[in-house]
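> mind looking at a prediction? Sequence and model below.
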Amino acid sequence: MSAGAGGLRQLLAAAVTKGVAEARAAIFGHVLNPSGKRSATKLLRKKLVGEHLAQWYPYDIKRDDPLVMAREEKERLAKLEMRKRRGKGPPKKGQGRRAVKRSK
């Protein structure tokens, strides 16, 4: 009879412990995870920073205005042309440093 009573006592103790854990989670806003599996609750509790971070930076006119992009592209091409005239531009295909090493 005492073995049955011990089992009942353990069962009651487990139920009370479970009830206390549920009450604690409800009061303090914790997430109850009795199975111990991984969950994203820790990440989801954090504030989302993307929107706040985007507000910090000023509006970028380059993205929306094609004229600004076209002017920057013209400047880039002009700069590249000047470098080519001075002999500082990129080598032709197949005449780079690796190809020169290979031919020696």
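Yep, it's here.
> please make it C-alpha for all contacts and neighbour counts, starting now.
OK.
> what is the burial count for the closest residue to P90 other than its chain neighbours?
Spatially, and ignoring its direct neighbours in sequence, P90 is nearest to K84 (7.6 Å; CA to CA, 6 or more residues apart in numbering). Using other CA atoms under 10 Å, K84 has 13 neighbouring residues.
> output the lowest mean pLDDT helix or strand found in the chain.
Within the chain, no helix or strand scores below helix 61-64, which has a mean of 76 by mean pLDDT, DSSP states H and E.
> helices or strands up against that helix?
Applying 3 or more CA pairs under 8 Å, 6 or more residues apart in numbering; DSSP states H and E, we find helix 61-64 packed against helix 66-85.
> same for the helix it packs on, what does it pack against?
Checking 3+ CA pairs under 8 Å, 6+ apart, helix 66-85 ends up next to helix 61-64.
> what does the helix it packs on rub up against?
Defining contact as CA atoms under 8 Å, 6 or more residues apart in numbering, one finds that helix 61-64 is touched by V68, M69.
> now stretch 24-38
Residues external to stretch 24-38 that are found in contact with it (CA under 8 Å, 6+ apart): A21, E22, T41.
> list phi and psi for G87.
Phi and psi for G87, reported as degrees, to the nearest 10, are phi 80, psi 20.
> how many neighbours does it have?
Neighbour count of G87, defined by other CA under 10 Å: 10.
> confidence score at it?
What the model reports for G87 is a pLDDT of 91.
> any buried residues in the lengthiest helix in the chain, and which?
Ranked by number of residues, the top helix in the chain under DSSP state H is helix 2-28. Of the residues in helix 2-28, A21, E22 count as buried by neighbour count, 16 or more other CA atoms under 10 Å.
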